[in-house]
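Trainee: Give me the fold of what follows.
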Amino acid sequence: MEALIKKADILMEALPYIKQFSGKTFVIKYGGKAMVDGSLKDSVIEDIVLMKYIGINPVVVHGGGPEITEEMNKLGKKSIFKNGLRVTDKETVDIAEKVLVGKINKEIVSLVHKHGGKAIGLSGKDGDLIVAKKHKADIGFVGEVEKINFHVMDKLKEFIPVISPIAIGRDGHTYNVNADDVASAIATAIKAEKLILLTDVNGVLDKDKKLISSININEASKLEKSGIISGGMIPKVNSCVEAVKQGVKKVHIINGGIKHSMLLEIFTKTGVGTEFSE
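Mentor: Numbering: from 1, shown residues only. Next up, the predicted model:
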């Protein structure tokens, strides 16, 4: 009986958050180990389906870098990176589109259906959802977001949109766009309540390597200048700060390797990741 009461207490703790977020939109960047490990895949998708059932509107943006590399290896094509971005010739962007749109996107949509939800798979090309331009790094068909035509998603309210970061440019070329950037641009365009970045790290750590559960954007800048935020976390934190500046209420970096980490972050008082706010 005691165990059952504890379960009821957990549900009651979640109730104020369910009330607060019902009808709001969350943009979720799905990446990292949670896209590879079978049980973690199920955990993430279950979280997303639950959100939809309680009235939250989740929008999923997925990556797929390791799978693109794997496919290139099979074809005897070497992956070359500059400043973290894949050098992308015409053959490589065709491979990226095949993997992201033709394989990963369909797998995620199928998983949503398996867990009782309704999803629709989209690429940035569909309905001109993402208009891209050549990335300033000029490394082939790598793009950056120029415009989000979010009216496309207005017609899909009953579905969970699952979006691949493949876009079309005004020049007619296909571009592969960084999934973090796409998620941030979509969250900004639709003024999302939350942007959630699923990663392979717990969040931002302080100088003693302890998790910082909440940071405002001014504190984030100070932590970066002091060197506490460094390396690969710098671009992620910068994108979080920029999204908040552009009107996203809160941004979260959480570890997708923790089962049901999104529910723990959103519906509990303490959370399990780092939350960024104004």
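Trainee: And what about residue 192, helix, strand or coil?
Mentor: At residue 192, secondary structure determined by DSSP: H, G, I helix; E, B strand; the rest coil is coil.
Trainee: how much space between it and residue 1?
Mentor: 41 Å (C-beta to C-beta, to the nearest Å). Glycine gets a C-beta too; all of them are placed from N, C-alpha and C.
Trainee: and if you look at residue 62?
Mentor: 42 Å.
Trainee: ok, these two, which is more surrounded?
Mentor: residue 62 (23 against 5; other C-beta atoms under 10 Å).
Trainee: tell me the contacts of the more buried one?
Mentor: Applying C-beta atoms under 8 Å, 6 or more residues apart in numbering to residue 62 gives the contacts 29-31, 35, 100, 104-105, 108, 162-165, 179.
Trainee: Strands of this protein, start to end?
Mentor: 25-30, 57-62, 81-82, 85-86, 119-123, 130-134, 142-148, 160-164, 166-169, 174-177, 194-199, 214-216, 250-255, 274-277 (DSSP state E).
Trainee: Give me the angle between the longest one and strand 130-134.
Mentor: What it means is strand 142-148. 140 degrees (axes from the mean of the first three to the mean of the last three C-alpha atoms, to 10 degrees).
Trainee: Now do the helices in this protein.
Mentor: Chain-ordered helices for the chain, with DSSP state H as the definition, fall at 2-21, 38-53, 65-74, 90-97, 105-114, 151-154, 179-189, 217-225, 233-245, 261-266.
Trainee: For the first one, give the mean pLDDT please.
Mentor: The one in question is helix 2-21. For helix 2-21, mean pLDDT rounds to 82.
Trainee: got the angle for it vs helix 38-53?
Mentor: 60 degrees.
Trainee: residues of helix 2-21 that come out buried?
Mentor: 17, 21 (16 or more other C-beta atoms under 10 Å).
Trainee: Alpha carbons of stretch 190-199, in PDB - could you do that?
Mentor: Only the C-alpha atoms of stretch 190-199 are listed here, as PDB (Å, rounded to 0.1, in the frame of the first residue of the first chain):
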ATOM      1  CA  ILE A 190       6.700  29.500 -32.900                       C
ATOM      2  CA  LYS A 191       7.500  31.100 -29.500                       C
ATOM      3  CA  ALA A 192       7.600  27.600 -27.800                       C
ATOM      4  CA  GLU A 193       7.100  27.200 -24.100                       C
ATOM      5  CA  LYS A 194      10.200  25.000 -24.000                       C
ATOM      6  CA  LEU A 195      13.100  23.900 -26.100                       C
ATOM      7  CA  ILE A 196      14.600  20.600 -24.800                       C
ATOM      8  CA  LEU A 197      18.000  19.400 -26.000                       C
ATOM      9  CA  LEU A 198      18.500  15.600 -25.400                       C
ATOM     10  CA  THR A 199      22.200  15.000 -25.200                       C
END
